[in-house]
Structures are given as structure tokens and as C-alpha cells.
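> below are the sequence and a predicted model for it; my questions follow.
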Amino acid sequence: MSWQNIHSEQLRPRRVWYWIGGAVIAVGVVVALGGCGIGLVRVLALPDFEAEFADGEEIEFHVDETTDPDRDMVLYVNEDIHHAYEVNCELTGPGSPSGVYQSFVDHSGHSGGNHWHRLATIDVAEPGTHTITCTNTEGLEYAIAHTHSDSAANRNLVLTLLLPAGGLGAGVVLGGTILTITGLLRRQNRRQLNQHRHIRGTGHGPASPSPRHW
């Protein structure tokens with residue numbers, strides 16, 4: 001039985017399904033890369049600072065509520081300092097004593113001519129107006145922002161990486177499935193057409209059925 005006497009244009013499904021499968025994979029790659037890029041830009045961007053202040057300067061900041069686990073007041077410094085105990089900060093405000101605690105999110109960026117590094121979270125007991133003063137032997141500059149807590153920041157980063165990866169995987173699986181099924185059906189169709197031609201060539205059996213148009 002000859003397989004060379006069947007032209008590829010006679011086979012069904014048409015070869016356009018190979019292009020469709022490839023296009024689905026390509027779209028999945030583009031969407032995943034684009035989504036990951038946009039997500040990383042948003043996650044890695046510095047927050048809007050509510051205040052910037054010099055070493056030894058006292059500034060006020062206002063906290064509307066303290067019950068949201070995904071939001072915190074965060075302290076940034078303009079040097080690459082990694083330990084909160086290297087900075088001495090004093091807080092005053094309503095409620096029981098508050099504190100400044102080590103942040104476990106490695107986040108930094110440039111803004112206003114400074115390279116800001118996330119250093120600590122500021123814990124306040126009650127909403128209201130608070131004051132903060134920070135000192136360090138190197139005479140640092142400081143900034144505070146109401147932004148993502150450590151847990152929320154880490155979760156957002158993981159989701160930013162996993163969601164595009166899931167989209168990419170879905171595109172590859174769907175596109176690969178289309179390519180595989182198309183190849184199998186065309187192979188099966190080629191075999192059927194050869195069988196029909198063989199039967200017609202020997203003068204036995206019914207005529208070949210009309211080809212499918214899909």
C-alpha cells in the first residue's frame with residue numbers, strides 16, 4: 001500500500017489546525033510574559049511615601065485603622081541597611097506602646113534622588129495621629145508609607161510569578177493537544193484514504209466516501 005499517492009491537501013483536518021495550535025501556544029507565551037512583566041513592575045515599584053524625614057527629625061503620620069492584616073506602616077531608609085536594630089526609632093501616639101520591627105521583605109528602589117530600602121514595619125496599637133523619630137550614627141534619611149504588610153507583599157510576589165506560569169502552561173497544553181490530535185487524525189485519515197484506494201484498485205468493495213471538509 002503506497003502512502004505517497006495521497007496529497008496532504010486531501011487530508012482532514014486541514015493543515016490550518018497546525019497553525020491554530022501553534023498560535024494558541026504563542027499567545028500563551030506572550031500573555032504570560034506580558035502579565036509577568038506588568039505584575040513585577042507593580043510589585044517592585046516603591047509605594048507612595050506619606051512622609052520623608054531626616055535623622056533626628058520628628059514627623060507626624062496618621063493611621064486610619066489597624067485591623068487589616070494586609071496593610072502596614074513601613075519604614076524605608078536611604079542606605080542598604082538590613083537590620084532594624086541599627087536604627088533607633090521612638091514612637092508616640094494613642095494606645096499602648098508601639099514598636100518598629102524588622103521587615104522580612106527585601107525591597108528597594110530609586111525615588112527623589114535616593115535609593116530607598118525597606119527596613120521595618122511600624123506597629124501601632126490604635127488608629128490616630130502618631131509621631132516618629134529615628135536616629136542612626138550615619139545620619140540616614142527616612143521615609144514611611146502605608147503599604148503591603150510582609151505577608152501580603154510576599155504573597156503578591158508569588159502570585160505574580162505563578163499566575164502567568166499557569167497561563168503559559170494552559171496555552172502550551174491546549175496548543176499541544178490541538179497539534180497532537182490534528183496529527184493523529186490526519187494520519188488516520190491518510191490510512192483510510194489509502195485503504196479505500198486499494199479496495200477500488202482491486203475492483204472490490206464500495207466506492208470511496210466523499211472527503212470531509214473540515
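Nice, thanks for sending it over. Residues are numbered from 1 along each chain as shown.
> where along this protein do the helices fall?
In the chain, the helices defined using DSSP state H lie at 16-44, 150-202.
> need the helix or strand of the chain with the lowest average pLDDT.
helix 150-202 (a mean of 87; mean pLDDT, DSSP states H and E).
> what distance separates that one from the centre of its chain?
23 Å (Cα atoms, centre = their mean, to the nearest Å).
> could you list every helix and strand that that helix packs against?
helix 16-44 (3 or more Cβ pairs under 8 Å, 6 or more residues apart in numbering; DSSP states H and E). Placement of C-beta: from N, CA and C, glycine included.
> grab the nearest non-local neighbour of the most centrally placed residue in the chain.
The residue lying closest to the centre of the chain (Cα atoms, centre = their mean) is T160, at 2.1 Å. Using Cβ to Cβ, 6 or more residues apart in numbering and skipping residues adjacent in sequence, the residue nearest T160 is G39, 3.6 Å away.
> what's the burial count for the one you found?
17 (other Cβ atoms under 10 Å).
> contacting residues for it?
By Cβ atoms under 8 Å, 6 or more residues apart in numbering, the residues touching G39 are L159, T160, L161, L163, P164.
> now tabulate the residues you listed in JSON lines and tack on distance to D106.
Below are the contacts of G39 laid out as JSON lines (distance: Cβ to Cβ, whole Å):
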{"residue": "L159", "distance to D106": "17"}
{"residue": "T160", "distance to D106": "15"}
{"residue": "L161", "distance to D106": "15"}
{"residue": "L163", "distance to D106": "21"}
{"residue": "P164", "distance to D106": "21"}
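> neighbour-wise, give me the winner out of these.
That'd be P164 among the contacts of G39, by other Cβ under 10 Å, with 22 neighbours.
> ok, the residue nearest to T160 to Y76 distance?
22 Å (Cβ to Cβ, to the nearest Å).
> again with A143
Relative to Y76, and taking Cβ to Cβ, A143 is found at 4 Å.
> joint contacts of the two?
By Cβ under 8 Å, 6+ apart, the residues touching both A143 and Y76 are F49, W116.
> domain ranges for the chain, per the record?
Domain segmentation of the chain under automatic domain parsing yields 8-40+159-202, 48-149.
> list the buried ones in stretch 162-176?
P164, G167, L168, G171, G175 (16 or more other Cβ atoms under 10 Å).
> actually stretch 124-134, not the one I typed
So stretch 124-134, judged by 16+ other Cβ under 10 Å, has buried residues V124, A125, H130, I132, T133, C134.
> tell me which residues are up against that stretch.
Residues contacting stretch 124-134 (Cβ under 8 Å, 6+ apart): 53, 55-66, 73, 75, 87-98, 122, 140, 142, 144.
> same thing with stretch 95-113?
44-46, 49, 52, 74-75, 80, 83-85, 87, 89, 91, 115-126, 128, 130, 150, 153-154.
> pLDDT below threshold where in the chain?
Where the chain drops to pLDDT under 70, the residues are 1-8, 96-97, 198, 200-214.
> wait, R118 sits on N78?
No: applying Cβ atoms under 8 Å as the test, R118 and N78 come out as separate, 11.7 Å apart.
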